[in-house]
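Enquirer: Sequence and predicted model, in that order:
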Amino acid sequence: MIRYVLRRVGLGVLTLACVYAVTFLMTVSVPGNPLQSSERRLAPEIEAALRARYDVDHNGRYFLQLLSGLARLDFGPTFQYPDWSCNEILAQALPVSVLLGLSAMLTAVLIGVPLGAWWAVRRGAAGAAATTLALLGTCVPTFITGACLLLCFGVWLKIAPVGGWGTISALPLPTITLALPFAAYLARLTRVGMEEALRQDFIRTALARGIPEQRVLWGHAFPVAFLPVLSYLGPATAQALTGSFVVEKVFSVPGMGQHFVNAALNRDVGLLIACVTVYAALVIAFNLAVDLVHAWIDPRVRSEVGV
Amino acid sequence: MLRAVIVLLIALLAGVYIAGKWTSPRSRPDLRYVNSSDVHTLDPARMSWTQDLRLALNLWETLYACDPRTLKPVSAAAEFPPEISVDGLTWTFRLREDGRWSDGAPVTAADFVRGWRRLIEPGTAADYAYFLTDYVDSAAEYVSWRGEAVGVLTVLSRLAEGWSIHDRQASVLATAECAEIVRRAYAEATGNVAEPEALSGARIARAALPWGELHRRVFEAHAAELDARFAQVGLEAVDDRTLIVRFCRPCPFFADLAAFPVLAPIHSSAEEHRERWRGAPLTREGLVVYDSRWTRPVTAPDGAVRPVTNGPYRLVEWRFKQSVRLEVNPHHRDASRIACRSVEAVVFADANSALLAYEAGDVDFIPTVEVSYDHTIFRLAESGDRPDFQPTPLAATSFFNFNCADAEVEGRANPFVDVRVRRAFSLALDREAIARRILQRGDRPARTFIPPGTLPGYDTPEGVPFDPEAGRRLLEEAGYPQGRGLPVIDVLFNTSGAHPVVSQAIARQWEIHLGARVELRGKESKAFAEDKARRRFMISQANWYADYNDPTTFLDVLATGNGNNDSGYASAEFDALLARAGTADDPEARMRLLKEAEATAVVRDAAILPVFHYTSVIAVREGVEGLHPNSRLWFPFSGVTVRR
């Protein structure tokens, strides 16, 4: 077990190193001057001095400089926001995204999983409701959902602030918006898993043995149906935690997603690498966590992990 | 299984709880306004974005202030008007006695010199350094001396650390300033007298010299000379309340510049944040660099609140990408008279959400309403249905640059080196149709570069008319009858905002009126800027916003060799007119010369293709008084009153 975890952590670090190298190569090879922040042009000698100051005059040096910073968990300065370092930006944005992401994932699980299971078992009106929600959640883009929610609850009913952050009342609207697509996907996954499980022989056997239907459904079929959902939860949570550009923009939430997009647009190498690294680290960590939970639940996986 | 789900849920709940170090709702400020994206910096010397400058002009008090109604300079930290010598080259500013920093200390002339010195230091990389380097005596020399030294020190510090350097970088080692030191070191290390060619470029960089020692010597020599060199610059704090500025050429509009926040004074406490190396307040590379955090609001252990500012407000909170909060500076002379005690600038990255927040009453003021349905907003404003939406003509122009310089662009012959072709394309543009029928948001068609009526005392020349017939004749003269023989015209534009629509409309008009075939090339901002800087275009879209109240804020852009002259236009006649205006004593004669210069470059030589002058709609909630719409969107908050 410990050996398994150590191996996975080792692999994770290796993956992170690759992600870092690829991101670095991509950002320095795109056209665009990171030091240019406005329409006006910098004088050549000033630009040269700044390039030297930030090490962008020498890619090899810059690569090592960033890498050594990475090892110390110091992501260095940003080009676009001279008053802030990457670490300070992450320190402000990451908790916001984590809070929003976790509450959205929680909402998504609470809505999606029971709905999916219900959908698999019952047909008729329940099925229709579940289908509608799953379709809406998948098809309607978040900027539409977000704007509709803002208009209804913020402008007309005035029971929630129109965007912003820092009060508990600001949380529900972006949470629901972010949760809907995840909930829809979770519902579909659970339903497929559940239907699959219900066709299995051991379910028929259990029913034949006279075990009450509810117990067969929730005690026997659901655990099997939940496994694919669990696998999906890892990367999905990582994705939700690192923020969504669209939801953040619509609701003016100061999270990570906007930095991702803006850093790429601004060629802000340091900030971009910081964002990508955090995201990659979260994906790796959550995948590992999910695999461990998987092993704990599923005896077949457990033998592989070596518990 | 069930326990797994329960554990998972508990873990998630705990996560939500732990992550949510939830702050309690704060008191509502007197005025809350929308910042479309977060401020880039609150360091006044480094600013160039309107939203940053808007905060700065409330946080810092410059020598003069810009009256928001007339945009004319009025007394602020100094008494207006200044005392000007007969030749116009020496200005004496008398600071007011009651100027106070937010820690209660008096504002002194030395604080201004400190702030202005930061502006021109290479490490600051200020967009507006030219405010001083173009006019103040010896400022340009100081900056180039510093720039050269920084180049040398950068190379030496790289070599000292054992890094290789480019040949281009190595060539700075042969500059007069450090050649002597390097030559001596070379002789000591190799036993040979250095031949001139040995000292040039890459060869010297490969020599095994004691680079660390050399770097130290050059650094120390430079640091020792620093203040003596700066003393030659025409900025002098004679006493606490007298600031003398000596100019190298007349700058009749310097009172306007002195009202611009980049020329703010800096409190001595900021000096604590200067990076030091070997005891000198410079970095290894010789740059003057402040720890970026000096602008961040903090309360020091001794109770001092930083940053110390001298404007009507002080900075109390800055949450990145969220909000900036200002409160009245208790030591400001007007502190007791300011009705609007606290101001909050909140970030709304999405313009639609910003407008929704305004409609819901969460914010009081939007400095520019920029939504995709802006034509509807303008219609509502114009019809009087929404008196809180105020259309405001700006001192800003959207135009296109013709590539006047390169005979060939990306392998294609560039017809725009011929002035007749440029004029033909300018004449064949129906600007009225673009402004009124396509944009429909109140922008004014632009026949000149400078928006008429926005600069006091300046009479705009007769602009470019819409005359496709004349355009076709000119094109025929240039050897392209009915557009035959013209290469495919390459138009580069930035894909943000209305630029794509405008570019398409322009292309269509040229196809109809001139028979030209146009290829549109839209790029996102950074890639666009790169192509523009390398002049990889025949025609490229551009914007210019007035920085101060003088025609030169626009016309200098077209001067030969100006860093922002993207068209590559070079006309001795135009330059001569600007130079004559620069030395003209009579203000009216000066304006006449500038008018002639604009007519020369824009109408006769068609260096650029003006398209429209921006109009912006500002939204001010009923009950908020004192936010006067003006062509520079200049909003001091100290005169604002708010009724709820």
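Expert: Here it is on my side, so go on. Numbers count the residues shown, from 1 in each chain, chains lettered A, B, ... in the order given.
Enquirer: separation between residue B:144 and residue B:138?
Expert: Using CB to CB, to the nearest Å, we find residue B:144 at a distance of 10 Å from residue B:138. Every residue, glycine included, has its C-beta placed from N, CA and C.
Enquirer: okay, those two: which has more neighbours?
Expert: Ranked by neighbour count (other CB atoms under 10 Å in any protein chain shown), residue B:144 and residue B:138 place residue B:138 first, with 18 against 14.
Enquirer: Just list the residues touching the more buried one, thanks.
Expert: Residues counted as contacts of residue B:138 (CB atoms under 8 Å, 6 or more residues apart in numbering or on different chains) are B:232, B:233, B:234, B:248.
Enquirer: now do residue B:631
Expert: B:71, B:392, B:393, B:394, B:395, B:451, B:454, B:546.
Enquirer: Return the member of these nearest to chain A.
Expert: For the contacts of residue B:631, the closest approach to chain A (CB to the nearest CB) belongs to residue B:546, at 13.3 Å.
Enquirer: And for that closest one, the neighbour number?
Expert: As a burial measure, residue B:546 scores 21 neighbours (other CB under 10 Å).
Enquirer: And stretch B:443-452, end to end?
Expert: 13 Å (CA to CA, to the nearest Å).
Enquirer: Next, see if it gets close to chain A.
Expert: No. Using CB under 8 Å from any CB of the partner chain, stretch B:443-452 stays clear of chain A, with a minimum separation of 15.3 Å.
Enquirer: How many residues are close by the residue of the stretch 101-250 of chain A found nearest chain B?
Expert: Per CB to the nearest CB, residue A:223 is where the stretch 101-250 of chain A lies closest to chain B, at 3.5 Å. Residue A:223 is flanked by 17 other residues according to other CB under 10 Å.
Enquirer: and what of residue B:455?
Expert: Residue B:455 has 24 neighbours, counted by other CB under 10 Å.
Enquirer: which bits of the stretch 151-300 of chain A sit near chain B?
Expert: Contacts of the stretch 151-300 of chain A with chain B, taken as CB under 8 Å from any CB, map to A:151, A:154-155, A:158, A:161-168, A:218-219, A:222-223, A:226, A:248-252, A:254, A:258, A:265-267, A:293, A:296-297.
Enquirer: Kindly indicate whether residue A:111 is helix, strand or coil.
Expert: Put simply, residue A:111 is helix when judged by DSSP: H, G, I helix; E, B strand; the rest coil.
Enquirer: sorry, back to before: please identify which of the contacts of residue B:631 is nearest to residue A:1.
Expert: Residue A:1 lies nearest to residue B:394 out of these, by CB to CB, at 66.7 Å.
Enquirer: thinking that closest one is in contact with residue B:616, fair?
Expert: Yes. Judged on CB atoms under 8 Å, residue B:394 makes contact with residue B:616 at a distance of 5.5 Å.
Enquirer: Between the two, which contacts overlap?
Expert: Shared contacts of residue B:394 and residue B:616 (CB under 8 Å, 6+ apart): residue B:633.
Enquirer: mind checking pLDDT for residue B:2?
Expert: Looking at residue B:2, its pLDDT stands at 59.
Enquirer: show me what contacts residue B:126?
Expert: Counting by CB under 8 Å, 6+ apart, residue B:126 has contacts B:45, B:46, B:118, B:119, B:120, B:262.
Enquirer: ok, now how distant is it from residue B:116?
Expert: For residue B:126, the distance to residue B:116 - CB to CB - is 10 Å.
Enquirer: what does residue A:135 give?
Expert: 63 Å.
Enquirer: So between those two, which is more surrounded?
Expert: Per other CB under 10 Å, whichever of residue A:135 and residue B:116 has more neighbours is residue B:116, with 25 against 12.
Enquirer: Which residue, other than its chain neighbours, is closest to residue A:90?
Expert: Nearest residue to residue A:90, sequence neighbours excluded (CB to CB, 6 or more residues apart in numbering or on different chains): residue A:274, at 5.9 Å.
Enquirer: which ones are touching that neighbour?
Expert: Taking CB under 8 Å, 6+ apart as the contact definition, residue A:274 lies against A:75, A:86, A:87, A:89, A:90.
Enquirer: now the residues you listed: which count as buried?
Expert: Neighbour-count burial within the contacts of residue A:274 applies to A:75, A:86, A:89, A:90; the criterion is 16 or more other CB atoms under 10 Å in any protein chain shown.
Enquirer: check which helix or strand covers the spatially most central residue of chain A.
Expert: Nearest to the geometric centre of chain A sits residue A:239, at 1.0 Å (CA atoms, centre = their mean). Using DSSP states H and E, residue A:239 maps to helix A:222-241.
Enquirer: Kindly report the same for residue B:582.
Expert: Residue B:582 is part of helix B:572-583 when elements are defined by DSSP H and E.
Enquirer: continuing past that helix, what's the next helix or strand?
Expert: The C-terminal neighbour of helix B:572-583 among helices and strands, as given by DSSP H and E, is helix B:587-598.
Enquirer: Looking at that next one now, give me its mean pLDDT.
Expert: pLDDT averaged over helix B:587-598 gives 95.
Enquirer: Can you list the strands that the very next helix or strand once past that helix pairs with?
Expert: From helix B:587-598 onward toward the C-terminus, using DSSP H and E, the following helix or strand is strand B:608-620. With DSSP bridges as the test, strand B:608-620 is paired with strand B:365-366 (antiparallel), strand B:389-402 (antiparallel), strand B:444-445 (antiparallel).
Enquirer: hey, C-alpha coordinates of strand B:608-620 in PDB?
Expert: Provided in PDB are the C-alpha atoms of strand B:608-620 (Å, rounded to 0.1, in the frame of the first residue of the first chain):
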ATOM      1  CA  ILE B 608      -3.200  57.400 -41.300                       C
ATOM      2  CA  LEU B 609      -6.900  56.700 -42.000                       C
ATOM      3  CA  PRO B 610      -9.000  58.200 -39.300                       C
ATOM      4  CA  VAL B 611     -12.300  56.300 -39.000                       C
ATOM      5  CA  PHE B 612     -14.300  57.500 -35.900                       C
ATOM      6  CA  HIS B 613     -13.900  59.400 -32.700                       C
ATOM      7  CA  TYR B 614     -15.100  57.400 -29.700                       C
ATOM      8  CA  THR B 615     -18.200  58.300 -27.700                       C
ATOM      9  CA  SER B 616     -18.700  56.500 -24.500                       C
ATOM     10  CA  VAL B 617     -21.800  56.100 -22.400                       C
ATOM     11  CA  ILE B 618     -21.400  56.600 -18.700                       C
ATOM     12  CA  ALA B 619     -24.000  55.400 -16.200                       C
ATOM     13  CA  VAL B 620     -24.600  57.400 -13.000                       C
END
